[in-house]
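Asks: Structure for the following, please:
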Amino acid sequence: MAVAEPEQKIYVLKCKVKFVRKNVKDGPRQYERTLAILVPQESDERTKFFTAWLPELKSEHFELAGIISAPIDSACRFSIHRGPDEKSEAHYLFVMSKGVEDVLIEAEMEGKTVYVEILPEGSDEEADNALEAGGDYDLISGQESF
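Replies: Next up is the predicted model:
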C-alpha cells in the first residue's frame, strides 16, 4: 500500500481565532479593517501539517482549501504564514474567504476555538463553496470536530 504524500493528506487542526486590526488607505480615504487569522494549537497533527505546508520564508505563503467547523460550518480558503510577524507570534492561517471572515467577526469569535479540516493539495475548487460576503447566514450551535 502506497503512502500518501504529506500534501495529499487531510489535516484536522484545533485553532484559536484571533483578530488583527489593520489601517487601510484607499486614495484619500483611510479606515481600519479587521482581519481574521487562525492559530493552530499545539498537537501532533499541527506538527505534521507544518512539516508538510509551512513556507520556508516569511515572505512566502501557500493557499489551501478547507472546512471550518461550528458555528460556521463552511468551506473556506486559507493561506498559511510563518510567524512571528506583525499579525501573530506563531505560525497561522489567514482567512481569505470574506464571508467566513465576516461571520467570525460578527459572532465575536476572537479567542474562541474552531476546528479546521485542511483538504489535500488540488482541492481548491472546494473553497469556491465558501460563504459569500454580505449573505444571510445562521450560526449553528455546538463545537464540531471532524
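Asks: going forward, measure contacts between C-alpha atoms and count neighbours the same way
Replies: Noted.
Asks: What's opposite residue 66 in the beta bridge?
Replies: Under the criterion DSSP bridges, residue 66 forms beta bridges with residue 76, residue 118.
Asks: All the helices of this protein, residue numbers only.
Replies: Remark: helices of the chain, listed N- to C-terminal, are 44-53, 98-106; assignment by DSSP state H.
Asks: can you give me the strands in the chain?
Replies: For the chain, strands defined by DSSP state E occupy the ranges 11-26, 29-40, 62-68, 74-81, 92-95, 113-118.
Asks: Just the buried residues of the longest one, please?
Replies: Going back to what we said before, that points to strand 11-26. Along strand 11-26, the positions that meet the burial threshold by neighbour count (16 or more other Cα atoms under 10 Å) are 11, 12, 13, 14, 15, 16, 17, 18, 19.
Asks: Same check on the fourth one?
Replies: Neighbour-count burial for strand 74-81 flags 74, 75, 76, 77, 78, 79, 80, 81 (criterion: 16+ other Cα under 10 Å).
Asks: for it, packing partners?
Replies: The elements that strand 74-81 packs onto, with contact taken as 3 or more Cα pairs under 8 Å, 6 or more residues apart in numbering; DSSP states H and E, are strand 62-68, strand 92-95.
Asks: List of residues touching it?
Replies: In this structure, residues lying in contact with strand 74-81 by Cα atoms under 8 Å, 6 or more residues apart in numbering are 53-55, 58, 60-68, 91-97, 100, 124, 126-131.
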